[in-house]
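Peer 1: For reference, the sequence and a predicted model appear below.
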Amino acid sequence: MPANYQSGVVADATSDALFITLNVKQGYETQITHALKQLQKIIVKHQQQFSGQSLHAVVAIGSEYWDRQNFSGGKASKPALLTPFPQFHGVANMPSTPADLLLHLRSNRRDITYELARALLKVLSDAVEIDEEVSCFRYLEARDLTGFVDGTENPQGDHKKEVALVGDEDEAFSQGSYIHLQRYIHDLSKWETQPLKDQENIYGRTKKDNIEYQSEEKALTAHTKRASVKDDQGKSIEILRHSMPYGSLSEAGLLFASYCRTPENFTLMLKSMVEGDDHGHSDRLLDYTTAVTGNAFFAPPLNWFTALR
C-alpha cells in the first residue's frame, strides 16, 4: 500500500530549508482549491528531476483558514483536533500570528529548494500574499546558534511515523500531521556573555560533547527539564522537530517546527516552558530568546488533495 503522507513530514534532516507562510486574498477561495490540487504534482516532478538531493515538501493549512474555507471532497470538514495556536502567560510572551498556508520546503541544496518554491508560488499566483519567508540552514554539527546541538530527543527510524502521523483515531485525516511553528530571535550578545557552565546549566547538557545531565543534576529551570513532559502513566510525550537556525548579521534565531499526530503534545511542552511547574520553575532559556510568531497548521494526507473539487 503506497504511503499517504507528505514526504517532508518524516524525511531525514537536510542542510537547507525554506519556511513560507502565506495569506489568501479575499475572493480567491476557488482558485486556491484548484492550486492545492496541483501542488503535489509539482513537488513530485521536482523530486524526480533532482533525485538524490533529498528534496521534500509539506503543504499545510492554517487553523483559522480551515474554518473560513469550505473545502469539498473530503470525508470530514476539519481535522478533529485542529485549533488556533495555544496561548499561555508566564515568563515569556508566546504570540499567536495566524497564517492561512504553509510551504515547508527542504533539500541539501539551496538552489533546488529555491526552484521548488518558485514553481509552487507560480501556481498560487496572485491568490496569495507572502506573510513571512524564512530561509534556514544547518549550523555546524546540527547545532542551534547558541552552540548547543538541537533535536537530540527526536524520534528515530520508523518511530518518527508513530509520533508525527495521525492514525485511525481520525480516519478521514489519517497520515496527516499537526504542525506548530514559532520563529525565535536570539539575543546572542547577551547569551555569549554567560560563562560556559551557566550556559550548560540553562540547557541541562554539555555544550561541546552534547552529554545530557542526569535528572537529579538538572535545575528545575533547565531547558531539557522543562521541555521534557510525561503523561499520566509516566511515559514521555514526544514531537518530531524540524527546527533549523536562520540568520543574517542583524538578526538571528531559530525557526521551531513541531510535527505530531496530536497538537496536545506541543501544547503541554509549551505550557511547561512558559508557565513552569506548580512552583513557577519556567524555562531559563527564554531569558535569551524571544518568540515573534506562532502558527498552527495541519498537513493533510495525499489523498485529501486528490479528493478536492
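Peer 2: Structure received. Residues are numbered from 1 along each chain as shown.
Peer 1: What ranges does the chain have for its strands?
Peer 2: Applying DSSP state E to the chain gives strands spanning 16-24, 56-62, 101-107, 128-137, 177-186, 240-241, 244-247, 252-260, 289-291, 295-299.
Peer 1: and the fourth one, C-alpha only, in PDB?
Peer 2: Read it as strand 128-137. Written as PDB, here are the backbone C-alpha positions of strand 128-137 (Å, rounded to 0.1, in the frame of the first residue of the first chain):
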ATOM      1  CA  VAL A 128      -1.800  34.800  -2.000                       C
ATOM      2  CA  GLU A 129       0.400  37.300  -0.200                       C
ATOM      3  CA  ILE A 130       3.600  36.200   1.500                       C
ATOM      4  CA  ASP A 131       3.300  36.600   5.200                       C
ATOM      5  CA  GLU A 132       6.800  35.500   6.100                       C
ATOM      6  CA  GLU A 133       9.700  33.800   4.300                       C
ATOM      7  CA  VAL A 134      12.400  32.300   6.500                       C
ATOM      8  CA  SER A 135      15.500  30.700   4.900                       C
ATOM      9  CA  CYS A 136      17.200  28.200   7.300                       C
ATOM     10  CA  PHE A 137      20.500  26.300   7.300                       C
END
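Peer 1: what about the closest residue to Glu251 other than its chain neighbours, neighbour count?
Peer 2: Among residues not flanking Glu251 along the chain, Ile185 sits closest, at 6.0 Å (CB to CB, 6 or more residues apart in numbering). For glycine as for every other residue, the C-beta is placed from the backbone atoms N, C-alpha and C. Residues within reach of Ile185, counting by other CB atoms under 10 Å, total 16.
Peer 1: just checking, what packs against the worst-scoring helix or strand of the chain on mean pLDDT?
Peer 2: When each helix and strand of the chain is scored by mean pLDDT, DSSP states H and E, helix 63-68 comes last, with a mean of 91. In terms of contacts (3 or more CB pairs under 8 Å, 6 or more residues apart in numbering; DSSP states H and E), helix 63-68 is packed against strand 295-299.
Peer 1: The strand it packs on vs strand 16-24, what angle?
Peer 2: 100 degrees (axes from the mean of the first three to the mean of the last three CA atoms, to 10 degrees).
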